[in-house]
Structure formats: structure tokens, C-alpha cells
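Participant: Sharing a model that was predicted from the sequence below.
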Amino acid sequence: MSSLFVFPGQGAQKPGMLHRLPQEPEVLDCLQQASDVIGEDALTLDSEAALASTRSVQLCLLIAGVAGARLLMRGGQAPDYVAGLSIGAYAAAVVAGSLDYRDAVRLVALRGELMQQAYPQGYGMTAILGLSLTAVEGLLAEAEEPAYLANINADNQLVIAGSDAAMAGLAVRAKALGASCARRLAMSVPSHCALLAEPARQLAEAFAAVELRAPQIRYLSGSSARPGFDAERLRDDLAFNMCRVVDWHGTLRTAYERGVRLHIELPPGSVLTGLARRVFEQGTLIAFDGARLDTLDALLRQEGSQSR
């Protein structure tokens, strides 16, 4: 049996999320290192006003994810796998030992800036619940304005990206087809589609100057739903995941099929834990937020002893 750390993407952010992290040395160190890199106090990033910025949101998610993971790993325990949804992939790569944390902070700050500059307004993402992938793909094919499949979060929980007008029209048609919900997400950028191909190319240029290493902990790509074994594959995965469809459902299935039975969601939130319940027929699914550190540590130790 194996364990998996998962790191959430944009939409999981909450005001005060960094302030609510345990005041432990590992957390404080992550906050200080991030502050040094960006030249400002990282704790100013999680105010409600600051979180209107894509850059601030993505930095907060990186910091919280890495800090939480380092706190859980301080006793020598480590997961067998890591995976991140969208921006969560950067925290996963850091925890896997592939990407230096300081480099990740720099790249994530740039990633957020590039995405925000490309589409400052008028675009975003919408979650559609209760329709199959085939049904949503049919709606997209018939749409009057371009819109794109962005996330496959579950077999009937999908996310589309595009302009405000395109998504509003598709939301109405989705509900007419029987969707239980068509809800705009807290995203001002149309992620995980061809609209972000150019910002992804610019980010890839920045990645070319950054050293990446083969993962020491097995890394599952949230885009391909497959393991990434070498540095160059991870470089491509991280740089271009902003313009590729997220197959989170497939990623969870891959983890489960490979024997993962302990799924720990790093902060913030517990949305990914809910999605995992649709895939994991057995095992333990738990989120860092709301759990005791000693409980999480005991679960990791127990899973580690069973996998040896």
C-alpha cells in the first residue's frame, strides 16, 4: 500500500490561509524564503484584496502546500507519490525534490503575472456538474463563441474555460440538458486551454534557465495522469500545464491502481478529498486542514510500515 500527497489548484484559496498555518519552524521558514525571493512580506498575499490577483493566489497556494508537506515530513516520513492540480503541481515538484523552492517561488510569481496580463478581464472558468464528458464536449462543439474543456475533475464534474459571454451561454444550455449546477469559479483567467498557449511559451523560456532534477518521490502529472520520471518531462509538464486540460479524475485512478490507499490533501481546503471519494473504493482520505498533526503523522507511519 502507498501514500499520496495532493496539492490543490486555484479556487481553493481563502483569505487568511497563510496566517492559519501552524506556527512551526518549517512553516515560518517557507514564509521567510518566499518573502526574500519576492521582496515583500509573504503574509500580505492572503488578504481578501490581495487574493484578487492571480499572482498572489498562486503564490499562496505554493507556500501553503510546501509548508504543510514539510511539516508532515519533518519526522522522516514521506509520501510514495505526489500530485498537484494546476498550480498545485509546483508544490508537488518541490516536495518531490525536482524543483528548488526558491526557484518555484520565482516561477510561480511569473506564471501568475503572465496569466493575469494575458486576460485581465472578461474571461474565466465555469464548473458544470451532472453532465457526462461526451455531453459537455457536444455543447462546446456547438457553441457560438469559442470555449474549451479545461478540467476533468470527476466523470460528471467538468470545468470549461472561455469568455464571460461564451460561458454564460453554455451554462444556460448545460442546465437545459440536465446539469445540476453550472457555476462560475473564483478565476479571472481561462486556464487549461489553448487561450494560454502564448503565456505558457513565455514561461517555458524562463524554465530553460532553471535546474530541475529527477523526482525522488514519484510525481504524477495532473495533465497526463501518468508518472513523470525525468527532469525534462517535468519541465515541460510544469511550464505548459496552464494551457493543457487537467485530468484529475485520471490522475486519481492512476494513483489508486498503483496501490495508493492513503490520500492526504495539503492546504488549503478539502475539495480534492471529496473528488477522491469518487475513485478510492477503499483507503483513508484526509485533508491537512481540520486534522491533527499527530493523526496525520500516525497515518503516514502506519502506511509506511505496511508498504515495506
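Facilitator: Thanks, I have it. Since the model is a prediction, treat every value here as computed from it, not as a measurement.

Participant: Just checking the distance from the longest helix along the chain to the centre of its chain.
Facilitator: With secondary structure taken from DSSP state H, the chain has its longest helix at helix 54-73. Helix 54-73 sits 10 Å away from the centroid of its parent chain (C-alpha atoms, centre = their mean, to the nearest Å).

Participant: Beyond it, next helix or strand please.
Facilitator: Sequence-wise, the next helix or strand downstream of helix 54-73 (DSSP states H and E) is strand 81-84.

Participant: Could I have the CA atoms of the following helix or strand past that next one written out in CSV?
Facilitator: Following strand 81-84 in sequence order, the next helix or strand is helix 88-95 (DSSP H and E). Provided in CSV are the C-alpha atoms of helix 88-95 (Å, rounded to 0.1, in the frame of the first residue of the first chain):
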residue,chain,number,x,y,z
GLY,A,88,-0.5,22.6,-7.2
ALA,A,89,1.9,20.8,-9.5
TYR,A,90,4.6,23.3,-8.5
ALA,A,91,4.3,22.4,-4.8
ALA,A,92,4.3,18.7,-5.8
ALA,A,93,7.5,19.2,-7.8
VAL,A,94,9.2,20.9,-4.9
VAL,A,95,8.2,18.2,-2.4
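
Participant: Now do helix 88-95: distance to the chain's middle.
Facilitator: Chain-centre distance of helix 88-95: 9 Å, with C-alpha atoms, centre = their mean.

Participant: try stretch 286-305
Facilitator: In terms of C-alpha atoms, centre = their mean, the centre of stretch 286-305 is found 21 Å from the chain centre.

Participant: So which residues make contact with it?
Facilitator: Residues from elsewhere that reach stretch 286-305, judged by C-beta atoms under 8 Å, 6 or more residues apart in numbering: 1-3, 22, 68, 71-72, 75, 77, 79, 261-270, 272-273, 284. For glycine as for every other residue, the C-beta is placed from the backbone atoms N, C-alpha and C.

Participant: try 6 Å
Facilitator: Applying C-beta atoms under 6 Å, 6 or more residues apart in numbering, the contact partners of stretch 286-305 are 1, 3, 68, 72, 77, 262, 264-267, 270, 273.

Participant: and the two most separated of those residues?
Facilitator: Spatial extent of these (C-beta to C-beta) is set by the pair Met1 and Pro267 at 24.1 Å.

Participant: quick one, which of those two is more surrounded?
Facilitator: Counted by other C-beta atoms under 10 Å, Met1 and Pro267 do not tie: Pro267 has more neighbours, with 27 against 16.

Participant: Could you verify my assumption that that one touches Ala64?
Facilitator: Yes. At 4.5 Å, Pro267 counts as touching Ala64 under the criterion of C-beta atoms under 6 Å.

Participant: these two touch, right, Met115 and Ser188?
Facilitator: No. The criterion here is C-beta under 6 Å, and Met115 misses it with Ser188 at 9.0 Å.

Participant: Those two: who's more crowded?
Facilitator: Met115 (27 against 20).
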